[in-house]
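Visitor: pasting the structure only:
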């Protein structure tokens, strides 16, 4: 999908950001993206949906196990699960892996537009950063 890395920084005009500032800046972008996407995705969801997704995000083991059993009983053979497992290198029974997979699958079922929402929000954040890159880099803006 996308990666928040040096290539991303170069794309938005911040490739020359000092090395000691890159990781914290990328973490900030990730947190901002997560918050904005979450806000947009929650629009129009029922209280039950929000509660269900919240339990997945909070990694409630019993809930996740039950949800997977009811919605994707053969999840360990799902291509998405296999890709997540291979990229994360986590054990197939890892709590973190199951939670990440359940969240992804839940979004596919309940908000099939989530990838478009992420892409749209990321585009907005990129535009905001590019419009302010001189300030971020500590330069005077050309007025």
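Guide: Here it is on my side, so go on. On a predicted model such as this, the values are computed, not experimentally measured, just so you know.
Visitor: Give me the distance between the residue most central in space within the chain and residue 116.
Guide: Centrality entry for the chain: nearest residue to the mean C-alpha point is residue 34, 5.6 Å, by C-alpha atoms, centre = their mean. Distance, residue 34 to residue 116, by C-beta to C-beta, to the nearest Å: 16 Å. C-betas here are computed from N, CA, C, even on glycine.
Visitor: how far does the host helix or strand of the residue nearest to the centre of the chain sit from the chain's center?
Guide: In this structure, residue 34 sits in helix 19-42 according to DSSP states H and E. Relative to the centre of its chain, helix 19-42 is centred 9 Å away, using C-alpha atoms, centre = their mean, to the nearest Å.
Visitor: quick one: contacts of that helix?
Guide: Outside of helix 19-42, the residues within contact range by C-beta atoms under 8 Å, 6 or more residues apart in numbering are 4-6, 8-9, 14, 17, 50, 107, 111, 114, 117-118, 120-122, 124-125, 129, 136.
Visitor: Please indicate which of those are buried?
Guide: Among these, the ones that count as buried by 16 or more other C-beta atoms under 10 Å are 4, 8-9, 14, 17, 107, 111, 114, 117-118, 121-122, 129.
Visitor: circling back to that earlier point, residues of the helix holding residue 34 that come out buried?
Guide: Across helix 19-42, burial judged by 16+ other C-beta under 10 Å covers 22, 25, 26, 29, 33, 36, 37, 40, 41.
Visitor: And the next helix or strand past that helix?
Guide: Moving toward the C-terminus from helix 19-42, the next element (DSSP H and E) is helix 47-57.
Visitor: pLDDT on that following helix, on average?
Guide: Helix 47-57 shows a mean pLDDT of 94.
Visitor: Show me what counts as buried in the helix or strand following that helix.
Guide: Using DSSP H and E, the helix or strand that directly follows helix 47-57 along the chain is helix 61-71. Buried residues in helix 61-71, defined by neighbour count with 16+ other C-beta under 10 Å: 63, 64, 67, 68.
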